[in-house]
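[1] Okay, structure incoming, though there's no sequence with it:
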C-alpha cells in the first residue's frame, strides 16, 4: 500500500507544528499517599453511616435528606473528616443508636459552625 505524496507532506507538516510538552513525574511520599487514602476511607465511612435507618430518621427530623447530608460530608475539610474519624474510633463499637445520634449532631454542628448550613435561623 502506497501513501500519496500529499498525505505524507501533510503528516510531516502536522508533526512539525504539534507542540509536545514534557511530562513531569514527581515522587509521592508514602506518608502523603497513606494520609490521602485514610481521609478518603474516613469520608466513605461517613457516607456509609448515612445509609442507616436511625441516621435517616434523625436527618429527617432535622430537615435534611440523605443526599444533602452526603453532599455536606463532601464539603468537610480533611481536618474535619479526620477529627470525626478519631471520634468514631474512640466510641465503643456496640452499635448504640445514641452514638449514631451523637455523631449526626456533631456533623450538623460542625457544618453549622463552618457556615455551610443554616439550620438554626428559623428558631
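    Received the coordinates, thanks. Predicted model, so just to flag it, every value in this text is computed and none were measured.

[2] from here on, contacts and neighbour counts on C-alpha atoms
    OK.

[3] how about residue 23, secondary structure?
    coil (DSSP: H, G, I helix; E, B strand; the rest coil).

[4] So for it, what's the pLDDT?
    On the pLDDT scale, residue 23 is placed at 73.

[5] what phi and what psi does the backbone show at it?
    For residue 23, the backbone dihedrals are phi -90, psi 140 (criterion: degrees, to the nearest 10).

[6] Work out which residue lies at the spatial centre of the chain.
    Residue closest to the mean C-alpha point of the chain, counted by Cα atoms, centre = their mean, is residue 74 at 4.5 Å.

[7] Check that residue and give its pLDDT.
    81.

[8] For it, which non-adjacent residue is closest in space?
    Excluding its sequence neighbours, the residue lying closest to residue 74 (Cα to Cα, 6 or more residues apart in numbering) is residue 43, at 7.4 Å.

[9] quick revisit: may I ask which helix or strand encompasses the residue nearest to the centre of the chain?
    Using DSSP states H and E, residue 74 maps to helix 66-75.

[10] just checking, what packs against that helix?
    helix 30-49, helix 53-61 (3 or more Cα pairs under 8 Å, 6 or more residues apart in numbering; DSSP states H and E).

[11] Distance to residue 23 added to these, as JSON lines?
    Listed next are those as JSON lines, based on distance: least, Cα to Cα, whole Å:
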{"stretch": "helix 30-49", "distance to residue 23": "21"}
{"stretch": "helix 53-61", "distance to residue 23": "47"}
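
[12] how about the ones you listed, which one is nearest residue 105?
    helix 53-61 (8.9 Å; Cα to Cα).

[13] And the average pLDDT for that closest one is what?
    pLDDT averaged over helix 53-61 gives 81.

[14] contacting residues around the residue nearest to residue 74?
    For residue 43, the contact set (Cα atoms under 8 Å, 6 or more residues apart in numbering) comprises 73-74, 81.

[15] Just the closest of these to residue 11, please.
    The closest of those, once distances to residue 11 are taken by Cα to Cα, is residue 74, at 47.2 Å.

[16] burial measure for residue 46, as a count.
    22 (other Cα atoms under 10 Å).

[17] Show me what counts as buried in stretch 26-42.
    38-39, 42 (16 or more other Cα atoms under 10 Å).
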